[in-house]
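Undergrad: heads up, no residue letters with this:
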């Protein structure tokens, strides 16, 4: 197993370093290689804890904490790389250069691969277009007990560094499945309805509909959140059993919530009703 003493030294912007840079900035290349670049203690700890495949560690071996040294020693990888301090600084997105980064293999997207609880709580985010919103949504799903987050349509890249950072360690603990085919999603919903008695699909809207506290969230549930600008698409709205809204102050200038904020409020209501 590669360790600190068997690292490949990178002293200039060679092809290997350029590939690392590409994983940060190029969506197509990330999917071509089926891997992405991660930095940050919390994220790396959660990736290892949750069994993600670490393909390589990247570091300056002359500036490692005990934590980083132990990580390199204990985690199996294909190869590890030692960069100069200057190259590490250029590769890192943090104000203070990360001492350890990792190239991690993507996971396969399949709805059926996610093990649901006895009383499922699934969240769907329709065509998310903002990295921070998607990352925050992942973090809220993790914090408030969702079984899975589904992303639909042409969306911001799940594996973009901005999404991973804003989700913090929750990225590696929360099952997130991308579904490009709405028909596959509707078939999965029918399967859930047949498997879990009382299963409901709840859509969200900024217009005055059923207030969230009037909806029975104790039932098996799929909660659908709309795109930041356009809301839920028409097909999703039509398949919902109920549309709900978050009541707002009559004195408010705001007409709607940020989608990730709205999701957190709605998910909290789910956990409140369920007594979690």
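TA: It's in. None of the values given here were measured: they were computed from a predicted structure. Numbering: from 1, shown residues only.
Undergrad: Report the separation between the closest residue to residue 182 other than its chain neighbours and residue 179.
TA: Distances taken as Cβ to Cβ, 6 or more residues apart in numbering place residue 235 nearest to residue 182, at 6.1 Å, with adjacent residues excluded. All C-beta atoms are positioned from the backbone trio N, CA, C, and that covers glycine. As judged by Cβ to Cβ, to the nearest Å, residue 235 and residue 179 stand 13 Å apart.
Undergrad: what about these two, which has more around it?
TA: residue 179 (18 against 12; other Cβ atoms under 10 Å).
Undergrad: And residue 22, how far from residue 12?
TA: Using Cβ to Cβ, residue 22 is found at 16 Å from residue 12.
Undergrad: Which residue of those two possesses the greater neighbour count?
TA: Between residue 22 and residue 12, residue 22 has the larger neighbour count (other Cβ under 10 Å), namely 15 against 10.
Undergrad: looking at this, the more buried one is in a helix?
TA: Yes: the assignment for residue 22 is a helix, going by DSSP: H, G, I helix; E, B strand; the rest coil.
Undergrad: which residue packs closest to it, ignoring adjacent ones?
TA: Nearest residue to residue 22, sequence neighbours excluded (Cβ to Cβ, 6+ apart): residue 29, at 4.5 Å.
Undergrad: rewinding a little: which secondary structure state does the residue nearest to residue 182 sit in?
TA: helix.
Undergrad: Quick check: it vs residue 90, distance?
TA: Note on residue 235: its distance to residue 90, by Cβ to Cβ, is 45 Å.
Undergrad: Check residue 8 too.
TA: Residue 8 sits 18 Å away from residue 90, going by Cβ to Cβ.
Undergrad: again, but for residue 136
TA: 28 Å.
Undergrad: More neighbours: which of these two?
TA: Legend: neighbour count by other Cβ under 10 Å for residue 136 and residue 90, higher for residue 136 (22 against 14).
Undergrad: in which helix or strand would I find the more buried one?
TA: Using DSSP states H and E, residue 136 sits in helix 131-143.
Undergrad: Equivalent analysis for residue 201, please.
TA: strand 200-204.
Undergrad: neighbouring strands for that strand, and are they parallel or not?
TA: Here strand 200-204 is paired, per DSSP bridges, with strand 221-225 (parallel), strand 242-245 (parallel).
Undergrad: After that strand, which helix or strand is next?
TA: The C-terminal neighbour of strand 200-204 among helices and strands, as given by DSSP H and E, is strand 210-211.
Undergrad: Partner strands of that next one, with direction?
TA: Here, using DSSP bridges, strand 210-211 pairs with strand 242-245 (parallel).
Undergrad: that older thread, now mean neighbour count, distance to residue 187 and mean pLDDT too, for the strands paired with strand 200-204, in JSON lines please.
TA: Listed next are those as JSON lines, based on neighbours: other Cβ atoms under 10 Å; distance: least, Cβ to Cβ, whole Å; pLDDT from 0 to 100:
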{"stretch": "strand 221-225", "mean neighbour count": "25", "distance to residue 187": "13", "mean pLDDT": "96"}
{"stretch": "strand 242-245", "mean neighbour count": "17", "distance to residue 187": "21", "mean pLDDT": "92"}
